[in-house]
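Just a sequence and a predicted model for now, questions to come.
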Amino acid sequence: MNEHSILPNFSPIRIIGFGSLIGLLLITLVTYLTLQQPWLGFQVLYQPGSNTIKLNKIAENSPAWVRLKAGDEIIAFKAGDKKVSMNHLYNIEEPAIIPTYDEANAFFAAQDTLANLLTYDTVEVVLKDRSVKITPADKRPLTSLPLMNYWFVILCGFASFIIGLNVWAFRRSEVVTRILAIAGGSFFIGALFNAVNLGREIAYPTDFFYNVASISHFGVILFAFSCVAILWNYPKRISDFPATLVIYLFFLFVWINQTWEIIQLPFHAYYFHFLIDFMLLAAFAIRQWHQARDSAIDQAALQWLLFTLLISLGITIAFFYVPTIYSTQPIISISATYFSALLVFVGLTMGIIKYRLFNLSNIFLEAWVWIIGGSILLLVDVALIYLLELTSGFALVLSAMIVGWIYFPARQWVSINILKLQPRSVERYFPVLIDKLIAAETSKSLIDKWEDILFEIFQPLEITHINEPREKIEITNSNITLLVPSLDKQSTLSLVYRDNGKKLYNQNDIELCNSIYELTINTANIKHAHEEGAQTERKRIARDLHDDIAAQLLTLIHRTNDPLVAVKARDILKTLRETIYSLDTRAAIDVRTVVDQLFEIAHETTELVGIMLEWEVQKFHKDIFLSPRQHINMKRIVQEAISNIIKHANARHVTVFINIKIDNMQLQICDDGIGGDIENWVAGKGLNNIRTRVKEIDGQVSWHNNAKLDNTTKRQGCCINLQFPLS
């Protein structure tokens with residue numbers, strides 16, 4: 001299905017805005033569910049293997065405030081006739097680090113027992129040296145959620161989601177950007193629900209905890225397998241084998257297997273698949289590098305992509321997953337693993353800036369500048385409410401002032417000096433425009449040059465013609481295609497990508513193209529008006545010549561009794577009629593007729609003086625026409641060239657060669673006379689007339705000695721070479 005049928009009218013900015021709103025709503029919903037749990041008011045310092053719970057921090061004005069203090073160690077909880085003694089199962093921060101399904105189930109059962117006890121009105125906390133009775137709060141306050149284990153993890157996931165969404169929004173038609181969007185979205189889901197787990201005070205009910213963990217696993221596993229799928233497809237798909245589908249089917253198997261505990265994988269039930277992911281990443285990376293060996297651009301982009309994927313994910317696997325698999329303590333924290341994974345998306349953004357990964361342009365970066373601005377405004381607003389306890393209205397005003405004074409000036413500096421986002425004005429392209437506009441001799445030739453003008457300015461990957469008129473300039477296909485009306489309004493030009501595929505089109509390009517279009521079409525109109533005026537004047541001159549001079553010559557022909565005068569008058573009348581004919585610039589004559597007339601001129605002239613004529617014409621296309629000016633000048637040039645041979649060369653043999661192509665006509669006339677060294681010629685009226693006529697038809701002419709003659713003889717023939725363009 002084409003992307004336009006899915007989101008026919010959604011611009012990239014609308015997609016990003018809509019996706020961001022959904023992400024914020026999910027964060028709000030999950031945070032709301034997290035806050036519905038009972039709250040005692042302390043933070044736990046996890047001690048793997050310990051049978052006591054050590055307190056790290058007590059929240060002010062919480063149920064545990066004053067009653068407990070940091071450093072206290074809890075050995076049990078009591079409520080009613082129930083007692084839950086602490087053991088190593090309560091010192092596990094992340095249940096996924098547990099190596100087997102049986103141990104994981106024991107963990108969830110212990111969590112459920114303690115969570116049920118904490119629902120009592122009064123809970124007795126048993127310490128090593130005393131017991132304290134506490135009344136848990138029904139709900140947790142927002143400030144109780146830990147900064148690193150909750151908000152930081154969510155921020156990493158949300159940022160990754162927005163980056164993946166951005167790339168896909170601007171390049172929806174490509175498989176690799178879709179996979180990246182899946183990776184960003186799944187990482188966000190994994191981070192969001194793992195933050196719920198990491199943000200727990202001490203225990204959750206089994207059903208709630210298990211579902212949260214299962215959704216978190218879904219997101220994290222899907223993210224890992226999506227990274228593998230990216231390397232299969234980028235920079236180029238490794239082969240036609242449907243590996244992407246197989247990768248996602250394998251992901252589904254892994255997640256279903258973990259959720260329903262079907263098969264326990266070796267080494268570690270939850271993390272073993274990450275080693276498989278990393279090995280596939282390495283294998284695909286080697287294959288992609290070999291495949292890109294002949295493309296420096298692909299190698300540069302791939303090198304950066306590998307740096308972000310293999311280094312960032314490699315750190316997580318080496319310092320968290322591998323130690324966990326071998327039943328030792330991770331070297332880095334869970335929140336650090338999410339930051340490491342975020343570096344993949346940050347690295348992709350930097351790669352877009354440096355190497356134009358996925359062929360994205362500054363419009364992607366410009367969108368991100370605004371997204372970051374809005375995010376900073378929101379974060380500052382929340383921080384003022386959260387930390388300084390300001391009212392929401394005052395905090396919003398103050399945050400807007402802070403962002404306005406600091407961020408937006410910095411944004412403007414970055415846009416101009418780093419991202420180069422200045423609007424492009426038409427003045428920048430004046431040299432190109434002037435060259436093209438002046439070079440076009442007629443309004444029709446300017447219409448034909450419109451495509452060249454667009455190509456020079458926008459440098460698209462390709463320009464195609466659409467046989468459908470269009471009234472205005474538009475951007476379609478997710479900013480990939482710029483549609484521009486032709487100057488004659490009969491068709492549309494489709495420009496795909498700009499700057500040789502490195503950038504997409506934006507509103508500035510529409511404004512620039514509108515300015516160029518207006519300037520070009522005004523120039524075409526001026527040229528057309530000039531042509532109409534010149535054509536009118538030519539018709540007047542032709543009419544005067546025909547009605548006056550031609551009429552007088554006819555009278556002279558019919559009244560004279562001198563045969564020589566009559567012949568001369570007829571020759572003059574014929575020349576006059578040819579001149580009148582040449583004034584009509586819109587007429588055209590078939591090239592076959594021209595060739596026949598040239599042969600007649602050459603044959604009659606050489607036959608009169610006894611010179612042998614060799615005539616050769618290459619096969620040519622029948623639908624080729626010459627303008628009257630080209631027609632007349634060709635006849636005059638052939639007449640002048642052969643007359644010069646007769647007058648000066650004393651030649652015995654003349655060869656005429658004609659080659660007619662679609663876009664140009666070539667003529668060569670050679671003799672075997674005694675023209676001498678061409679470098680010693682003094683140009684007379686004949687040679688100058690030839691040069692002038694060649695220049696009138698935008699042609700080129702040259703002379704050289706005839707290389708076919710024997711240089712040992714005194715005869716040194718010469719050749720004239722002429723070529724001129726055909727419309």
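Received, thanks.

Give me the nearest residue to residue 202, chain neighbours excluded.
residue 44 (5.8 Å; CB to CB, 6 or more residues apart in numbering). The way it works is simple: take the backbone N, C-alpha and C, and place the C-beta from them, glycine included.

Tell me the secondary structure at that neighbour.
strand (DSSP: H, G, I helix; E, B strand; the rest coil).

My read is that it contacts residue 57, right?
No. In this structure, residue 44 is not within contact of residue 57 by CB atoms under 8 Å, at 9.1 Å.

More neighbours: which of the two?
The residue with more neighbours, out of residue 44 and residue 57, is residue 44; 17 against 12, by other CB atoms under 10 Å.

beta partners for the more buried one?
Beta-bridge partners of residue 44, counted by DSSP bridges, are residue 55.

Okay, now the unreliable bits of the stretch 201-350 of the chain?
295-297, 300, 349-350 (pLDDT under 70).

which stretches of the stretch 601-727 of the chain form helices?
628-644, 685-696 (DSSP state H, counting those that start in this stretch).

Tell me which of those sits most buried.
helix 628-644 (a mean of 21; mean count of other CB atoms under 10 Å).

Can I get that one as CSV, trimmed to CA atoms?
Extracted in CSV, the C-alpha atoms of helix 628-644 (Å, rounded to 0.1, in the frame of the first residue of the first chain):
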residue,chain,number,x,y,z
PRO,A,628,14.2,29.9,-43.6
ARG,A,629,17.3,31.7,-42.3
GLN,A,630,19.2,28.4,-42.1
HIS,A,631,18.0,27.4,-45.5
ILE,A,632,19.0,30.6,-47.3
ASN,A,633,22.4,30.8,-45.5
MET,A,634,23.2,27.2,-46.4
LYS,A,635,22.6,27.9,-50.0
ARG,A,636,24.7,31.0,-50.0
ILE,A,637,27.5,29.3,-48.2
VAL,A,638,27.7,26.4,-50.7
GLN,A,639,27.5,28.9,-53.6
GLU,A,640,30.3,31.0,-52.1
ALA,A,641,32.6,28.1,-51.2
ILE,A,642,32.4,26.5,-54.7
SER,A,643,32.8,29.9,-56.3
ASN,A,644,36.0,30.4,-54.3
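
Quick one: list the elements packing against it.
If you count contacts as 3 or more CB pairs under 8 Å, 6 or more residues apart in numbering; DSSP states H and E, helix 628-644 packs onto helix 563-582, helix 591-609, strand 664-671, helix 685-696, strand 718-725.

Any buried residues in stretch 120-140, and which?
Buried positions in stretch 120-140, judged by neighbour count with 16 or more other CB atoms under 10 Å: 120, 123, 124, 125, 126, 127, 134, 136, 140.

from the middle of its chain, how far away would it be?
60 Å (CA atoms, centre = their mean, to the nearest Å).

Now do the end-to-end distance for that stretch.
15 Å (CA to CA, to the nearest Å).

Export the buried residues of stretch 120-140 to CSV and append columns for distance to residue 685.
Formatted as CSV, those follow (distance: CB to CB, whole Å):
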residue, distance to residue 685
120, 121
123, 120
124, 125
125, 120
126, 124
127, 122
134, 119
136, 115
140, 106
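
Least confident of the helices and strands packed on helix 628-644, on average?
Among those, helix 563-582 has the lowest mean pLDDT, at a mean of 67.

how about the helices and strands packed on helix 628-644, which one is nearest residue 20?
strand 718-725 (57.0 Å; CB to CB).

Under a three-state scheme, what state does the closest residue to residue 469 other than its chain neighbours occupy?
In space, and not counting its chain neighbours, residue 469 is closest to residue 489: 5.5 Å by CB to CB, 6+ apart. The three-state assignment at residue 489 reads coil, by three-state DSSP.

you'd agree residue 489 is up against residue 450?
No. With contact defined as CB under 8 Å, residue 489 does not reach residue 450; the gap is 11.4 Å.

So between the two, which is more surrounded?
Per other CB under 10 Å, whichever of residue 489 and residue 450 has more neighbours is residue 450, with 22 against 11.

quick one: that one is in a strand?
No. Under three-state DSSP, residue 450 sits outside any strand and is assigned helix.

check contacts around the nearest residue to it once chain neighbours are set aside.
Nearest residue to residue 450 in three dimensions, chain neighbours excluded: residue 487, at 4.9 Å (CB to CB, 6+ apart). By CB atoms under 8 Å, 6 or more residues apart in numbering, residue 487 lies in contact with 446, 447, 450, 520, 521, 524.

pLDDT score assigned to residue 487?
83.

quick one: it and residue 518, what's the gap?
11 Å (CB to CB, to the nearest Å).

So the residue of the chain positioned farthest from its centre: helix, strand or coil?
In the chain, residue 561 marks the outermost C-alpha relative to the chain mean, sitting 82.6 Å out by CA atoms, centre = their mean. At residue 561, secondary structure determined by three-state DSSP is coil.

Dihedrals phi and psi, it?
phi -100, psi 0 (degrees, to the nearest 10).

Now do the strands in the stretch 101-250 of the chain.
123-127, 131-134 (DSSP state E, counting those that start in this stretch).

mind putting those strands in JSON lines, mean pLDDT and distance to residue 513 included?
Listed next are these as JSON lines, based on pLDDT from 0 to 100; distance: least, CB to CB, whole Å:
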{"stretch": "strand 123-127", "mean pLDDT": "96", "distance to residue 513": "71"}
{"stretch": "strand 131-134", "mean pLDDT": "95", "distance to residue 513": "70"}
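
okay if I get those strands as a markdown table plus distance to residue 249?
Below are the strands of the stretch 101-250 of the chain laid out as a markdown table (distance: least, CB to CB, whole Å):
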| stretch | distance to residue 249 |
| --- | --- |
| strand 123-127 | 47 |
| strand 131-134 | 50 |
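
Just tell me which of these ends up closest to residue 256.
Nearest of those (CB to CB): strand 123-127, 38.1 Å.

Which strands and helices lie in contact with the closest one?
strand 73-79, strand 131-134.

before we move on, back to that, pipe the helices of the stretch 601-727 of the chain into CSV and attach distance to residue 474 per row.
Compiled in CSV, the helices of the stretch 601-727 of the chain are given as follows (distance: least, CB to CB, whole Å):
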stretch, distance to residue 474
helix 628-644, 41
helix 685-696, 43
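
and of these, who's closest to residue 70?
helix 685-696 (96.7 Å).

which ones are touching residue 137?
Contacts of residue 137 by CB under 8 Å, 6+ apart are 38, 39, 40, 41, 62, 63.

Swap in 6 Å and give it another go.
39, 63 (CB atoms under 6 Å, 6 or more residues apart in numbering).

quick one: it and residue 36, what's the gap?
11 Å.

now swap in residue 696 and tell me
In terms of CB to CB, residue 696 sits 91 Å off from residue 36.
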